[in-house]
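Participant: Build me a structure from this.
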Amino acid sequence: MTHINVLDPGASPLDYYGFELRRHREAAGLTQRQLGDVINYTGSLVGQIETARKLPTPEFSERVDAALGTGGLLSRLVGLVMRSQLPAWFQQTAELEARATEIYTFQMGMVHGLLQTAAYVRGTLGALDRTDLDDRTTVRLARQRIFEKEEPPVLWMVLSEAALYQEIGGPKTMRGQLARLLSFDDNPRINIQVLPFSAGAHAGLTGSFNLYRFVSDPTIVYTESYGSGHPTANPDTVRDCSLRYDHLQAAALSLKDSAELIRRVMEERYGEQRGSDGDPVA
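Facilitator: Presented below is the predicted three-dimensional model:
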């Protein structure tokens, strides 16, 4: 257990966050309990965050910033904290996500993390290991804050039809996840195309991949294997994956037809089931 008196603000982003939280709270003349009362959290939670034993959330950070008049300091820091809690092999990629102006992703078996609901995240992360599941879920969801920037990235996702049927977290979770995908219908910066089973052999059979494009930096291709990520700016790889992505988009359904398919699967496969008495059973 880390003691607040010896907390080293240079040890990690989480330690630095805790140090700054305590410094600003004390400058305001508030106890942990008093600050907790103001922001509607427990004093115990404030203490745990100050001692780097608990992760802050974006909502917690916003409330503290407002209560202590820190000018958005903690809200800016929380993004660094969240990225530092990602698996070490993925942290560089999370930084690419945060800087990219355009993100293109092809997903074989599940929805990309940037568009996942909280329940879907819990279903994927908790499949074999439920340790610290709340914190791990919070960390993954925090990546989605890139869409709240003044100039958010443009995201294109080509999603295999198989991912619509891969039941993660149960019917209720899947219905919520597909509804989330449909919620982007009117958002020109988030575009979703479904690659239908009828496409047959396609350019993505070698696996999922992402393309990150920037204002001035070279395009990066990202692929994953078990427990490791592989970003590369190799021109040949970038050229090959860009061509593959063009072919995947061409083989995929249009945005409108993709939304219609997602809606149909949501209603027919994951719609509310009723018993003979008319009451919901699922």
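Participant: quick one: pLDDT of residue 90?
Facilitator: Here the pLDDT value assigned to residue 90 is 91.
Participant: That one and residue 229 touch, don't they?
Facilitator: Yes - between residue 90 and residue 229 a contact is recorded at 5.4 Å, counting by C-beta atoms under 8 Å. No exception for glycine: its C-beta is placed from N, CA and C like everyone else's.
Participant: which residue packs closest to residue 123, ignoring adjacent ones?
Facilitator: residue 169 (2.9 Å; C-beta to C-beta, 6 or more residues apart in numbering).
Participant: just the helices in the stretch 1-150 of the chain please.
Facilitator: Remark: helices assigned in the stretch 1-150 of the chain by DSSP state H, counting those that start in this stretch are 13-27, 32-39, 43-50, 58-68, 73-84, 88-99, 118-125, 133-142.
Participant: Nearest to residue 214, out of those helices?
Facilitator: Closest to residue 214 of those is helix 88-99 (C-beta to C-beta; 6.3 Å).
Participant: For stretch 34-49, which residues meet the burial criterion?
Facilitator: By neighbour count with 16 or more other C-beta atoms under 10 Å, stretch 34-49 contains the buried residues 35, 36, 39, 41, 45, 46, 47, 48, 49.
Participant: excluding its backbone neighbours, what's nearest the second one?
Facilitator: Read that as residue 36. Here the residue nearest residue 36, using C-beta to C-beta, 6+ apart, is residue 43, at 4.0 Å.
Participant: you'd agree that neighbour is up against residue 25?
Facilitator: No - look at residue 43 against residue 25 with C-beta under 8 Å: they stay out of range, at 10.5 Å.
Participant: shared neighbours of the two, which are they?
Facilitator: 32, 35 (C-beta atoms under 8 Å, 6 or more residues apart in numbering).
Participant: How about residue 10: what's its closest non-neighbour residue?
Facilitator: Excluding the flanking residues, the one nearest residue 10 by C-beta to C-beta, 6+ apart is residue 16, at 7.1 Å.
Participant: isn't the one you found right up against residue 77?
Facilitator: Yes - the pair residue 16 / residue 77 is scored as a contact, 6.9 Å apart, by C-beta under 8 Å.
Participant: I would like the residues contacting the helix or strand containing residue 245, please.
Facilitator: Here residue 245 sits within helix 235-251, counting by DSSP states H and E. Applying C-beta under 8 Å, 6+ apart, the contact partners of helix 235-251 are 104, 106, 156, 158, 193, 195, 199, 202-204, 209, 211, 218-221, 232.
Participant: Just want the phi and psi numbers for residue 9.
Facilitator: The phi/psi pair for residue 9 (degrees, to the nearest 10) reads phi -60, psi -20.
Participant: so it touches residue 50, yeah?
Facilitator: No - using C-beta under 8 Å, residue 9 makes no contact with residue 50, being 11.4 Å away.
Participant: Looking at these two, which one has more neighbours?
Facilitator: Higher neighbour count among residue 9 and residue 50: residue 50, with 24 against 15, using other C-beta atoms under 10 Å.
Participant: Might you report the residue contacts of that one?
Facilitator: Residues in contact with residue 50 (C-beta under 8 Å, 6+ apart) are 4, 7, 18, 19, 21, 22, 25, 32.
Participant: Tell me the one among those residues nearest to residue 113.
Facilitator: Comparing these against residue 113 with C-beta to C-beta picks out residue 18 as the nearest, at 26.3 Å.
Participant: Can you show me the strands along the stretch 101-250 of the chain?
Facilitator: For the stretch 101-250 of the chain, the strands defined by DSSP state E, counting those that start in this stretch cover 102-107, 154-160, 190-195, 209-213, 220-225, 228-232.
Participant: Next up, the contacts around the nearest residue to residue 94 once chain neighbours are set aside.
Facilitator: Among residues not flanking residue 94 along the chain, residue 83 sits closest, at 4.7 Å (C-beta to C-beta, 6+ apart). Residue 83 makes contact with 13, 91, 94, 95, 98, 142 under the criterion C-beta under 8 Å, 6+ apart.
Participant: if you set the cut-off to 7 Å instead, what comes out?
Facilitator: 91, 94, 95 (C-beta atoms under 7 Å, 6 or more residues apart in numbering).
Participant: Could you double-check that the second one lies in contact with residue 86?
Facilitator: By that I understand residue 94. Yes - applying C-beta atoms under 7 Å, one finds residue 94 in contact with residue 86, separated by 5.4 Å.
Participant: Turn the helices of the stretch 1-150 of the chain into JSON lines, columns for distance to residue 268.
Facilitator: As requested, those are arranged in JSON lines below (distance: least, C-beta to C-beta, whole Å):
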{"stretch": "helix 13-27", "distance to residue 268": "45"}
{"stretch": "helix 32-39", "distance to residue 268": "44"}
{"stretch": "helix 43-50", "distance to residue 268": "43"}
{"stretch": "helix 58-68", "distance to residue 268": "36"}
{"stretch": "helix 73-84", "distance to residue 268": "37"}
{"stretch": "helix 88-99", "distance to residue 268": "33"}
{"stretch": "helix 118-125", "distance to residue 268": "19"}
{"stretch": "helix 133-142", "distance to residue 268": "28"}
